[in-house]
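A.B. asks: Take this sequence and fold it.
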Amino acid sequence: MPVTRRRFLTIASASCLVASAAQAFRWQGTALGARAQIVLDHPRAISIAEAARLEIDRLEDIFSLYRPNSELVRLNATGVLRAPSSELLDCLAIARQVHRVTDGRFDPTVQPLWRALARSHRRGLVPRRDVIETLRARIGFERVQFQSRGVSVDGGQELTLNGIAQGYIADRVGRLMRSEGVEDVLIDTGEILAMGADGKGEGWPVTILGEFRARRLAGRALATSAPLGTTLDRAGRVGHVIDPRDGRMAVPTVRQVSVSARSAALADALSTGLCLVADRAETEALLSKVKDARLESLYL
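C.D. replies: Residues are numbered from 1 along each chain as shown. All right, here's what the predicted structure looks like:
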């Protein structure tokens, strides 16, 4: 079954966000298993939201680990995907950038090890060390090859894009909104992309879990991650983030990290990788490598 991520970001009700509550429109649905919503005030809001829903559905056929014929599932099953979509290639390129920026902390090739560890912890079992070492040897995003002709992974590797794809979907929905002439819209696919302003001419109010005051977000995306945001054991002590460098579930020095950037995919992947930093200084040093990325909050 898909893992449900804890909700870290919240937005106000539609009636609080636009100038006229009668014109407020909020679409609600899902994106890769997460609750999704779009808030806008536009004469064609219903039809535009329907176009966004179809776009999300199309992108799930690329990135989902649970749709049996998605591009990602087919790649993982055979190790090769011919004629990949431009969206998959684009997302992999962003993933590679973040993999390098975070010195390997963000690595989509953890999927086989993550699956084995998750299965063991859910059953209350201690994972076998020989199994862990075998699967750990498969980790290494630098061994993944991708170009317009195809994507290939090294022997036994599989990918998960769960730490970036929800943000990427927000970016693509934002692109669709711009093509429809929508300037002011709030897109929430688990990570948030704020375009333009709310009906009061201000940035969109977004609240990070653990904070009591909303911050105003405009022309930026915001993503939040936490090692214990999803837990795999019944006691709630084993988080869902693997450290690719040693193949272990992360011991949470970082409790929660929030990053903003122009791109939701970039913010999403950065927040995932930064779950594995040692302290604030290391976080800021890694983020300094990325233009326009900004640390919004860090709880240690």
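
A.B. asks: If you count neighbours, what's buried in the strand or helix carrying Ala77?
C.D. replies: Counting by DSSP states H and E, the element that carries Ala77 is helix 71-78. Neighbour counts over helix 71-78 (16 or more other CB atoms under 10 Å) mark 71-73, 75-76 as buried. (Glycine included, C-beta is placed from N, CA and C.)

A.B. asks: mind saving the C-alpha coords of it as CSV?
C.D. replies: Written as CSV, here are the backbone C-alpha positions of helix 71-78 (Å, rounded to 0.1, in the frame of the first residue of the first chain):
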residue,chain,number,x,y,z
GLU,A,71,6.9,4.9,-16.7
LEU,A,72,8.7,4.5,-13.4
VAL,A,73,7.2,1.1,-12.7
ARG,A,74,8.2,-0.1,-16.2
LEU,A,75,11.7,1.2,-15.7
ASN,A,76,12.1,-0.5,-12.3
ALA,A,77,10.7,-3.8,-13.7
THR,A,78,13.2,-4.0,-16.6
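
A.B. asks: Show residues contacting that helix.
C.D. replies: 61-67, 81, 84-85, 88, 111, 151, 153, 158-161 (CB atoms under 8 Å, 6 or more residues apart in numbering).

A.B. asks: Need phi/psi at Gln156.
C.D. replies: For the record, residue 156 is Gly, not Gln. Backbone torsions for Gly156, taken as degrees, to the nearest 10, come to phi 80, psi -10.

A.B. asks: In ChimeraX, select just the buried ones from the contacts of helix 71-78.
C.D. replies: Buried members of those, defined by 16+ other CB under 10 Å, are picked up in ChimeraX with:
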select :62,63,64,65,81,84,85,88,111,151,153,158,159,160,161
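
A.B. asks: Can you tell me which of the contacts of helix 71-78 end up in helices?
C.D. replies: Secondary structure defined by DSSP state H assigns 61-63, 88, 111 of the contacts of helix 71-78 to helices.

A.B. asks: Columns distance to Trp204 on top of those residues, output as JSON lines?
C.D. replies: What follows is the ones in helices among the contacts of helix 71-78, written out as JSON lines (distance: CB to CB, whole Å):
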{"residue": "Asp61", "distance to Trp204": "29"}
{"residue": "Ile62", "distance to Trp204": "27"}
{"residue": "Phe63", "distance to Trp204": "25"}
{"residue": "Leu88", "distance to Trp204": "29"}
{"residue": "Gln111", "distance to Trp204": "33"}
